[in-house]
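> Give me the fold of what follows.
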Amino acid sequence: MNLKEIKHCPGTLAEGFDTYSPLCLKNMFNKKKVSHILPYEAPRNEEVEEQFIENRKRISLSGVQEKLSMVLEKNYLRLTHPGEQGTYILKPIPRDLKKVDQVPANEHLTMQIARQVYGIKTAENALVFFQDGTPAYLTKRFDVKVDGTKWGKEDFASLAGQSTDSAGPNFKYDYNYEALGLLFQQFVPAWRIEIEKYFSLVLFNYLFSNGDAHLKNFALLESASADYLLSPAYDLINTRLHVDDTDFALTALFADKFQSRDWKNQGHASAEDFREFGRRIGVQPKRIDKLLAPFLSKKEQVESLISSSFLNEPAKRAYLMHYQTKRNYLNT
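Numbers count the residues shown, from 1 in each chain. Below is the predicted model:
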């Protein structure tokens, strides 16, 4: 990307900024004036690649996409040293996907829509750029305290007892969202509040074609009160731009493979399916339609953020088409 052509904040997507806006600097970098350009070349030549290979050995996060550990030193982001606790995760452009150069902007846009349009609590995030303008996705770790120690965190693969040994190599996906939702009653004292957040997140992932919302992409996080709540959302991305996947990452929405008449007719879930889903996982019946309502409307806000995003024009059109198609299914 031509870094001189930036017209929107690479964090909030607010118009009229050629670098991070004050709001982004506050949320991402504790008000420090950090550049949107990394002090690194993109990892293409052997010498630069070596720095990144060494860093990859030190980060303990699962997932296929490459993740690098970073810290903020004064006003600059840098790769962590051996034994140093990272506070940011950098995801460069991955490999072996369609439209691979659009992955960072896709994840950034999807995370911003979740927060700004639907009020979903997400990990702090922004785009950042290598010296040649190559983009990468940057997110702030929410499991690291100010003093460098870590909050307790348990993903739902662990809570469900799903592992390679117990469920085979597909253990992250061989489950259903109804059973996952019922785990809240077992592990979360304030489950009636947290289950609504989970309901909205599952609905968001459907609407925005996140076909990788598997068990390890949902987690409980220790709070300051020492109880466990649903963690901020992370790894939200429209996977349909890059792979031909299914509507749901897990094997099914329901334990018994229930489908409404609308779903059977159109081949995709409708609002009625999510009403049934809400009832089954314990959302108060009078709350279900209130939680559904924003996802059936707010079209203009979504379109505005897509337009302001760092996706290229063909990817913007595809992203918008996928959103409109799913929204039509919900509104059936």
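
> From here on, just use CA atoms for contacts and neighbour counts.
Fine.

> Now do the strands in this protein.
Under the criterion DSSP state E, the chain carries strands at the ranges 68-73, 76-79, 88-91, 125-129, 135-140, 153-155, 219-222, 228-230.

> could you show me where the helices are in the chain, in order?
Under the criterion DSSP state H, helices of the chain are mapped to 22-29, 46-56, 103-118, 156-159, 164-167, 177-187, 191-207, 261-266, 271-281, 285-296, 299-308, 313-330.

> residue contacts, D244?
Listed by Cα atoms under 8 Å, 6 or more residues apart in numbering, the contact set of D244 is empty.

> Do me a favour and get the backbone dihedrals for it.
Backbone torsions for D244, taken as degrees, to the nearest 10, come to phi -90, psi 90.

> Just the pLDDT at the spatially most central residue of the chain, thanks.
Centroid check for the chain by Cα atoms, centre = their mean gives L236 as the closest residue, at 2.3 Å. Listed pLDDT for L236 reads 97.

> surely it meets T110?
Yes: with contact defined as Cα atoms under 8 Å, L236 reaches T110; the gap is 5.9 Å.

> nearest to K216, of the helices of the chain?
When the helices of the chain are compared by Cα to Cα, helix 156-159 sits nearest K216, at 5.5 Å.

> quick one: buried residues of the closest one?
For helix 156-159, a neighbour-count test (16 or more other Cα atoms under 10 Å) marks 156-157, 159 as buried.

> pLDDT and distance to A179 added to the residues you listed, as TSV?
Shown next, in TSV, are those (pLDDT from 0 to 100; distance: Cα to Cα, whole Å):
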residue	pLDDT	distance to A179
F156	97	11
A157	97	12
L159	97	11
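
> Any chance of a markdown table for the residues you listed, columns distance to D247?
Output for the buried residues of helix 156-159, formatted as a markdown table (distance: Cα to Cα, whole Å):
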| residue | distance to D247 |
| --- | --- |
| F156 | 20 |
| A157 | 20 |
| L159 | 24 |
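
> hang on, the earlier thing: redo the strands of the chain as TSV? Include mean pLDDT, distance to V34 and mean neighbour count.
Putting the strands of the chain into TSV (pLDDT from 0 to 100; distance: least, Cα to Cα, whole Å; neighbours: other Cα atoms under 10 Å) gives the following:
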stretch	mean pLDDT	distance to V34	mean neighbour count
strand 68-73	96	9	20
strand 76-79	96	6	19
strand 88-91	97	13	22
strand 125-129	98	10	26
strand 135-140	98	13	23
strand 153-155	97	28	16
strand 219-222	98	28	20
strand 228-230	97	30	23
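
> tell me the domain ranges of this structure?
3-140, 153-330 (automatic domain parsing).

> Looking at those domains, which is nearest to D147?
Across the domains of the chain, D147 has its closest neighbour in domain 3-140 (10.3 Å, Cα to Cα).

> pLDDT weak spots in the stretch 1-150 of the chain?
Within the stretch 1-150 of the chain, the segments meeting pLDDT under 70 span 44-64.

> if we go to 90?
When residues are selected by pLDDT under 90, those of the stretch 1-150 of the chain lie in 1-5, 42-66, 94-98, 146-147.

> any chance of the strands of the chain in JSON lines, with distance to G181 too?
Supplementary listing: these in JSON lines, determined by distance: least, Cα to Cα, whole Å:
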{"stretch": "strand 68-73", "distance to G181": "31"}
{"stretch": "strand 76-79", "distance to G181": "37"}
{"stretch": "strand 88-91", "distance to G181": "28"}
{"stretch": "strand 125-129", "distance to G181": "26"}
{"stretch": "strand 135-140", "distance to G181": "26"}
{"stretch": "strand 153-155", "distance to G181": "13"}
{"stretch": "strand 219-222", "distance to G181": "12"}
{"stretch": "strand 228-230", "distance to G181": "11"}
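
> Tell me which of these lies nearest to V100.
With Cα to Cα as the measure, strand 135-140 is the member of these nearest V100 (11.2 Å).

> Just send the domains of the chain back as JSON lines, with distance to D147 too.
Output for these, formatted as JSON lines (distance: least, Cα to Cα, whole Å):
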{"stretch": "domain 3-140", "distance to D147": "10"}
{"stretch": "domain 153-330", "distance to D147": "14"}
